[in-house]
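Student: How does the following fold in three dimensions:
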Amino acid sequence: MKREDKNALIESLQSTIEEYSHFYLADISGLDAQQTYELRKKCFEKDIELIVVKNTFFRKALERAGRDCEELYPVLTQNTSVMFCNVANVPGKLIKELNKKSEKPLFKGAYAEESVYVGANQLDALATLKSREELIGDVIMLLQSPMKTVLGQLESGKHLLGGLVKTLSERD
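Tutor: Predicted coordinates:
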């Protein structure tokens, strides 16, 4: 392969890395054609871009993109597929779902929510990881809860006070 072709491939990978917020590294070698088709179909349905990469090209693209992913370099061995997405937990859930039927795809590592996760033991944490929007929603719900309680008490107090005044006026 010519140097220009290699640079073009690395630049393409770099732009894909910059386009997506999160990515997962997995080994999908050993899947037959039907299993690969099913995996790609599910990735498409969940807005995940699945790319098979050459490890050295991907490493160079990561370096050029300025992502701090040095912890992932040791897992860039043998066959590597990259699952790019904009919602951090979607590929984790997909891999867990597929691992119930088969051992592939084999999770290697991930870059999600500006953190690096390495090893199969991190898959559960990634699958349950909340997105930034979900966390903001949780905080808003927590902030709204006391306000709703106060408003509810004021509303019921208004009826209580009105009933008390009415009862007192009827006594006279």
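
Student: tell me the domain ranges of this protein?
Tutor: Listed domain ranges for the chain are 3-129, 130-172 (source: automatic domain parsing).

Student: As JSON lines, those with mean pLDDT and mean neighbour count would be great.
Tutor: C-betas here are computed from N, CA, C, even on glycine. As requested, the domains of the chain are exported to JSON lines (pLDDT from 0 to 100; neighbours: other Cβ atoms under 10 Å):
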{"stretch": "domain 3-129", "mean pLDDT": "92", "mean neighbour count": "17"}
{"stretch": "domain 130-172", "mean pLDDT": "75", "mean neighbour count": "10"}
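
Student: what does stretch 43-62 contact?
Tutor: Contacts to stretch 43-62, defined as Cβ atoms under 8 Å, 6 or more residues apart in numbering, come from residues 6, 9-11, 13-14, 16-17, 20, 28, 39-40, 69, 72-73, 76-77, 79-87, 90-91, 94.

Student: Sorry, slip of the keys, the one I care about is stretch 123-131.
Tutor: With contact meaning Cβ under 8 Å, 6+ apart, stretch 123-131 is reached by 24, 87-89, 91-93, 95-96, 107, 110, 112-113, 117, 138.

Student: Closest one of these to Gly162?
Tutor: Asp138 (36.8 Å; Cβ to Cβ).

Student: and that closest one, that one's in a helix?
Tutor: Yes - the assignment for Asp138 is a helix, going by DSSP: H, G, I helix; E, B strand; the rest coil.

Student: can you map out the strands along this protein?
Tutor: Remark: strands assigned in the chain by DSSP state E are 22-27, 49-53, 80-85, 106-112, 115-118.

Student: could you dump those to TSV with distance to Gly162?
Tutor: Converted to TSV, the strands of the chain look like this (distance: least, Cβ to Cβ, whole Å):
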stretch	distance to Gly162
strand 22-27	55
strand 49-53	61
strand 80-85	55
strand 106-112	54
strand 115-118	55
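
Student: who wins for proximity to Lys2 among those strands?
Tutor: Short answer: strand 49-53, nearest of those by Cβ to Cβ, at 18.5 Å.

Student: How far does that closest one sit from its chain's centre?
Tutor: Offset of strand 49-53 from its chain centre (Cα atoms, centre = their mean, to the nearest Å): 17 Å.
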